[in-house]
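Asker: Just to be clear, the model below is a prediction. Sequence and coordinates:
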Amino acid sequence: MMTKKISIGILGHSGERVERFTIPITLLFVLTLATFSVVAFFGFVIYGYHGLRQSIVANGQMARTIMDQRDEITQQRLQIQSFADDINALKDNLVTLNHFEEKIRVIANLDPGKGNGSLFGVGGAAPDDLASQLALTQRHEGLMREMHRQVNELNTATLHQEDSFGTLLHKLEGQRSFLASTPAIRPTSGWLSSRFGYRVSPFTDRKEFHKGVDIANHKGTAIMATANGVVTYVGKKGGMGNMVVIDHGHGMITRYAHLSQALKKRGETVKRGDIIAQMGSSGRSTGPHLHYEVHLNGVPVNPAKYILN
């Protein structure tokens, strides 16, 4: 069988044939098919490369989105932890206010008030502090549920405290004179060097009852009257040295000892905050300080219970 061929001639500038090729049709078909296959292959490669590039771009955008979402979640968890700390602080402040109210009731000789000790329900104890220092990689759903529960408790406790303060204010309005005559401030500045109650005497090394509190500071530090009253004694009093005694009425008396100088005379009327003397070390004393006593109906009581500031 004779193979079909195709002749191809190459002509020069003058039109004369320069060269002639004869190519079998089968070979031409094979070359055409090969060329198409190569073009198709490169077309597929280019298409795949384009798709891969789009996929890489899309993956990069997705990665950035995920990173942004993680940053947002981290910030949200930090805010949740900050809110938890705020709730803990609010709870502490509310407890402090409740204790302050109790102290006022003691000073004003008022009843404890309805529901005293039950600010946070049965038992009266504040809820445990929220565990705000979670790892930022942990889920915070449990913390958020506890925060929600405690916020509801705080709302109830706040309403209770508001009602209690309202009742207290109403009662205090009727006892202004009594309150003005009740010791309620620190008598001087300085540091507490000895508390009320039994202690070992610095002079005898024996256990004895200390009838007041000692506040130490520099000689000449101002001593103030802690409530309205009348000066009933100014002078020396044995181991107490120079002393001032003020009668506040209602069975309440305060005594100020170891003074370097008294600035008021017997019979003078004083108001809370008036300077009545200067700190010293007179009498039996180891250094400049004020010995301060509060007596109720002739019995020494702890002055710390009558100090609000």
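Answerer: Yes, it's here.
Asker: Flag every buried residue along stretch 301-309.
Answerer: 301, 303, 306, 307 (16 or more other C-beta atoms under 10 Å). The way it works is simple: take the backbone N, C-alpha and C, and place the C-beta from them, glycine included.
Asker: Could you pull up the mean pLDDT of that stretch?
Answerer: In this model, stretch 301-309 has a mean pLDDT of 85.
Asker: a markdown table please, covering the buried residues of stretch 301-309 and showing secondary structure.
Answerer: Formatted as a markdown table, these follow (DSSP: H, G, I helix; E, B strand; the rest coil):
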| residue | secondary structure |
| --- | --- |
| 301 | strand |
| 303 | helix |
| 306 | helix |
| 307 | coil |
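Asker: Next, format these as TSV and append distance to residue 73.
Answerer: Below are the buried residues of stretch 301-309 laid out as TSV (distance: C-beta to C-beta, whole Å):
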residue	distance to residue 73
301	58
303	55
306	53
307	49
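Asker: SS state for residue 290?
Answerer: Residue 290 ends up strand, using three-state DSSP.
Asker: And it, what's its pLDDT?
Answerer: Per-residue pLDDT puts residue 290 at 96.
Asker: if I pick it, what's in contact with it?
Answerer: By C-beta atoms under 8 Å, 6 or more residues apart in numbering, the contact set of residue 290 is 187-188, 190, 214-215, 217, 221, 223, 256-259, 279.
Asker: ok so, going back, quick one: which of the buried residues of stretch 301-309 is nearest residue 41?
Answerer: Each of the buried residues of stretch 301-309 was scored against residue 41 by C-beta to C-beta, and residue 307 proved nearest at 95.3 Å.
Asker: Next, the closest one: phi, psi?
Answerer: Per-residue torsions, residue 307: phi -120, psi 120 (degrees, to the nearest 10).
Asker: same thing with residue 254?
Answerer: Main-chain torsions, residue 254, degrees, to the nearest 10: phi -120, psi 150.
Asker: So which of the buried residues of stretch 301-309 is the closest to residue 135?
Answerer: Distances from the buried residues of stretch 301-309 to residue 135 were compared by C-beta to C-beta; the smallest belongs to residue 307, at 44.2 Å.
Asker: Run a quick neighbour tally on the residue found closest to the closest one once you drop the neighbours it is linked to in the chain.
Answerer: Leaving out its chain neighbours, the residue that sits closest to residue 307 by C-beta to C-beta, 6 or more residues apart in numbering is residue 186, at 5.5 Å. Neighbours of residue 186 under the rule other C-beta atoms under 10 Å: 19.
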